[in-house]
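Engineer: my questions are about this predicted structure, shown below with the sequence.
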Amino acid sequence: MNTPYPNACFDSLKLSISINISPNILSFLLQTLQTALSEAGKLTDLLSGAGISNNLVEGQRGSLQDCKDLHQITSSFLKRSISKIQDGVNDSRKLADARAYLSAALTNKITCLEGLDTASGPLKPKLVTSFTETYKHVSNSLSALPKQRRATNPKTGGKTNNRRLLGLFPDWITKKDHRFLEDSSDGYDEYDPSEIIVVAADGTGNFSTINEAISFAPDMSNDRVLIYVREGVYDENIEIPIYKTNIVLIGDGSDVTFITGNRSVGDGWTTFRSATLAVSGEGFLARDMMITNTAGPEKHQAVALRVNADFVALYRCVIDGYQDTLYTHSFRQFYRECDIYGTIDYIFGNAAVVFQGCNIVSKLPMPGQFTVVTAQSRDSPDEDTGISMQNCSILASDDLFNSSNRVKSYLGRPWREFSRTVLMESYIDEFIDGSGWSRWNGGEELDTLYYGEYNNNGPGSETGKRVNWPGFHIMGYEDAFNFTATEFITGDGWLGSTSFPYDNGI
């Protein structure tokens, strides 16, 4: 068995080898994960003392808290991975869950190390080494975990709207949710009005800020927690932590319900902490609202929405910013009929994410800049992550389209070595450069990425002048099917519980 870090692998197996000379894959996985969990506990202790007596000085605001929060998520999902593997040896869905958890954990490591890169102080070298060594065990576990097999014959795949499969709801969906999701057209009409938390900026609701409503919501809820956000402007940075599960934000429309903030890297924040709305709680849903970061292009990275939680979906939302608008950080995510605006790398991160029926709109950048839609950051071939866009429209804002200055515009560029992005059945307007894709600041790592296009249309969809990189693919049907909601984010197992429409094939 080949693993990325064989020495760490051998160390984790010393105990089991003394008991069983030839451990099978299951015992190997569990032993490696137990080692990772044990080392993660030591790292948690180290992090708890960081920042005391200037032993670690942040270079960017929030970098230490980023590490603490992300490592807490990793520790939680390492435990859940062990449980999934123990219970689901022959259950492809549970193994897919475990792969999603471990892929997210590795993304957490990268994000933390990026923040620590600008830090200083005597604790920094030890902290960086501890992160690096601890997560080698996570990499080895993911490498050994079998990939899921295709659940559907692609030749019989099709499209469906709002398919609800009662038997496939995730474990955390209650029977009450089953009933209203099966019987309701919008998913809300069986909720008693008294159970819905109302936020109104004018003070006529239960709360006047969304953060107050989130704080009031129960922790670790198995039921959906409905928060109705009435029309108005909500100028606040909202955090939905890991223990606030199944939160649903419902606006009055993306043209009247606005969540706005202006944090940015230019003002000293980490990219991760700059988000106007930051979601770490599993099962989060949002619909009919605008989420924006107004920092402006001169402030560089400034996130409107960051999602690092599993089973998250947004419907009919507007997500607006400039550089780094939408941070699809990790886990499994879905966006339906959303409008997403930005300039550079404005859909980025390392989630497994599917966009369907979305308008992806490039805006005019600052003089001398180019525009690029995606910057996917898959760091290993073992990670089940990437960006999939299906039936979307890649468009230019009026000022970009009519600009007298020739602004180069691209579909994506590789943030990390194994970057993976596909466009399927989508409209690509003429402003996209014929090459389609761009290098990362002149980088050479082009044979390890995967960029794919399938059955697109529009004046920018011609592939004759596309890059000739080994990692660029004109995809066939079966390759494209692997990036559908059904296959790529195990969508038939959870999207039905959102009440949002989705297509399960091509």
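Structural biologist: Looks like it arrived, so ask away.
Engineer: could you point out which element follows the worst-scoring helix or strand of the chain on mean pLDDT?
Structural biologist: Least confident element among the helices and strands of the chain, by mean pLDDT, DSSP states H and E: helix 175-183 (a mean of 44). Helices and strands here follow DSSP states H and E; after helix 175-183, the next one along the chain is strand 197-199.
Engineer: how about the helices in the stretch 51-200 of the chain?
Structural biologist: Taking DSSP state H, counting those that start in this stretch as the test, the helices found in the stretch 51-200 of the chain are 63-87, 92-116, 124-144, 175-183.
Engineer: of all these, which one is nearest Leu37?
Structural biologist: Nearest of those to Leu37, taken as CB to CB: helix 63-87 at 4.8 Å. Any C-beta I mention is one placed from the backbone N, CA and C, and that applies to glycine too.
Engineer: in that closest one, what's buried?
Structural biologist: Under the neighbour-count criterion of 16 or more other CB atoms under 10 Å, helix 63-87 has 63-67, 69-75, 77-78, 81-82, 84-85 buried.
Engineer: ditto for stretch 461-472
Structural biologist: Within stretch 461-472, the residues scored as buried using 16+ other CB under 10 Å are 461, 466-467, 469, 471-472.
Engineer: show residues contacting it.
Structural biologist: Stretch 461-472 has contacts (CB atoms under 8 Å, 6 or more residues apart in numbering) with 426-428, 434-437, 446-453, 474.
Engineer: and which of these is nearest to Ala36?
Structural biologist: Thr448 (25.0 Å).
Engineer: quick one: the closest one and Arg420 touch, right?
Structural biologist: No. Assessed by CB atoms under 8 Å, Thr448 is found out of contact with Arg420, at 9.8 Å.
Engineer: low-confidence ranges in the protein?
Structural biologist: 1-3, 5-23, 148-190, 444-445 (pLDDT under 70).
Engineer: try 50
Structural biologist: Within the chain, the segments meeting pLDDT under 50 span 10, 13-23, 151-158, 161-174, 176-184.
Engineer: the helices in it, which residues?
Structural biologist: Taking DSSP state H as the test, the helices found in the chain are 6-19, 25-48, 63-87, 92-116, 124-144, 175-183, 210-216, 398-401, 477-481, 485-488.
Engineer: export these to CSV and tack on distance to Glu236?
Structural biologist: Shown next, in CSV, are the helices of the chain (distance: least, CB to CB, whole Å):
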stretch, distance to Glu236
helix 6-19, 43
helix 25-48, 27
helix 63-87, 18
helix 92-116, 23
helix 124-144, 31
helix 175-183, 28
helix 210-216, 6
helix 398-401, 29
helix 477-481, 40
helix 485-488, 32
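Engineer: indicate which one of the ones you listed is closest to Gly442.
Structural biologist: Nearest to Gly442 among the helices of the chain is helix 92-116; the distance by CB to CB comes to 19.9 Å.
Engineer: and the closest one, what's buried?
Structural biologist: Within helix 92-116, the residues that count as buried by 16+ other CB under 10 Å are 93-112, 114-116.
Engineer: so it versus helix 63-87, what angle?
Structural biologist: Calculated by axes from the mean of the first three to the mean of the last three CA atoms, to 10 degrees, helix 92-116 forms an angle of 160 degrees with helix 63-87.
Engineer: by contact count, what packs against helix 92-116?
Structural biologist: helix 63-87, helix 124-144, strand 305-308, strand 326-330 (3 or more CB pairs under 8 Å, 6 or more residues apart in numbering; DSSP states H and E).
Engineer: can I get these in JSON lines including distance to Asn457?
Structural biologist: As requested, the helices and strands packed on helix 92-116 are exported to JSON lines (distance: least, CB to CB, whole Å):
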{"stretch": "helix 63-87", "distance to Asn457": "39"}
{"stretch": "helix 124-144", "distance to Asn457": "37"}
{"stretch": "strand 305-308", "distance to Asn457": "28"}
{"stretch": "strand 326-330", "distance to Asn457": "24"}
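Engineer: and the ones you listed: which comes nearest Asn222?
Structural biologist: It's helix 63-87; of those, that one is closest to Asn222 (CB to CB) at 15.0 Å.
Engineer: off-centre distance for the closest one?
Structural biologist: Remark: helix 63-87 is offset 15 Å from the chain centroid, using CA atoms, centre = their mean, to the nearest Å.
Engineer: show me this structure divided up by domain.
Structural biologist: Using automatic domain parsing, the domain parsing of the chain gives 6-144, 157-498.
Engineer: how far off centre is the first one?
Structural biologist: Relative to the chain's own centre, domain 6-144 is displaced by 19 Å; criterion: CA atoms, centre = their mean.
Engineer: same question, the last one
Structural biologist: Between the centre of domain 157-498 and the centre of its host chain there is 8 Å, according to CA atoms, centre = their mean.
Engineer: neighbours around the residue nearest to Ser208 when sequence neighbours are not counted, how many?
Structural biologist: Excluding its sequence neighbours, the residue lying closest to Ser208 (CB to CB, 6 or more residues apart in numbering) is Ala201, at 6.1 Å. Using other CB atoms under 10 Å, Ala201 has 19 other residues around it.
Engineer: what about Ser53, how many neighbours?
Structural biologist: By other CB under 10 Å, 9 other residues sit near Ser53.
Engineer: so for stretch 127-136, what gets flagged as buried?
Structural biologist: For stretch 127-136, a neighbour-count test (16+ other CB under 10 Å) marks 127, 130-131, 134-136 as buried.
Engineer: picking up where we left off before, let's see which of the buried residues of stretch 461-472 end up in strands.
Structural biologist: Members of the buried residues of stretch 461-472 lying in strands (criterion: DSSP state E): Phe472.
Engineer: between which two of the buried residues of stretch 461-472 is the distance greatest?
Structural biologist: Ser461 and Gly471, at 19.0 Å, using CB to CB across the buried residues of stretch 461-472.
Engineer: straight-line length of stretch 201-221, end to end?
Structural biologist: The first residue of stretch 201-221 is 25 Å away from its last residue (CA to CA, to the nearest Å).
Engineer: give me the contact list for that stretch.
Structural biologist: 197-200, 225, 227-230, 232-234, 236, 238-240, 243-247, 249, 259.
Engineer: whichever of those end up buried, select them in ChimeraX.
Structural biologist: A single ChimeraX command is used to select the members of these judged buried by 16+ other CB under 10 Å:
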select :197,199,200,225,227,228,229,230,232,234,238,239,240,244,245,246,247,249,259
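Engineer: can you redo the helices of the stretch 51-200 of the chain as a markdown table with distance to Phe331?
Structural biologist: Formatted as a markdown table, the helices of the stretch 51-200 of the chain follow (distance: least, CB to CB, whole Å):
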| stretch | distance to Phe331 |
| --- | --- |
| helix 63-87 | 9 |
| helix 92-116 | 5 |
| helix 124-144 | 14 |
| helix 175-183 | 20 |
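Engineer: and of those, who's closest to Gly268?
Structural biologist: Using CB to CB, those put helix 63-87 closest to Gly268, at 10.3 Å.
Engineer: for the closest one, packing partners?
Structural biologist: Checking 3+ CB pairs under 8 Å, 6+ apart, helix 63-87 ends up next to helix 25-48, helix 92-116, helix 124-144.
Engineer: nearest to Val318, of those helices?
Structural biologist: Nearest to Val318, of all those, is helix 92-116, at 25.6 Å by CB to CB.
Engineer: what's the angle from that closest one to helix 124-144?
Structural biologist: Using the same axes, to 10 degrees, helix 92-116 lies at 160 degrees relative to helix 124-144.
Engineer: next, the angle from helix 92-116 to helix 25-48.
Structural biologist: Using the same axes, to 10 degrees: helix 92-116 against helix 25-48 is 30 degrees.
Engineer: give me the number of residues near the residue lying closest to Pro367 once chain neighbours are set aside?
Structural biologist: Nearest residue to Pro367 in three dimensions, chain neighbours excluded: Asn405, at 7.2 Å (CB to CB, 6+ apart). Counted by other CB under 10 Å, the residues lying close to Asn405 total 9.
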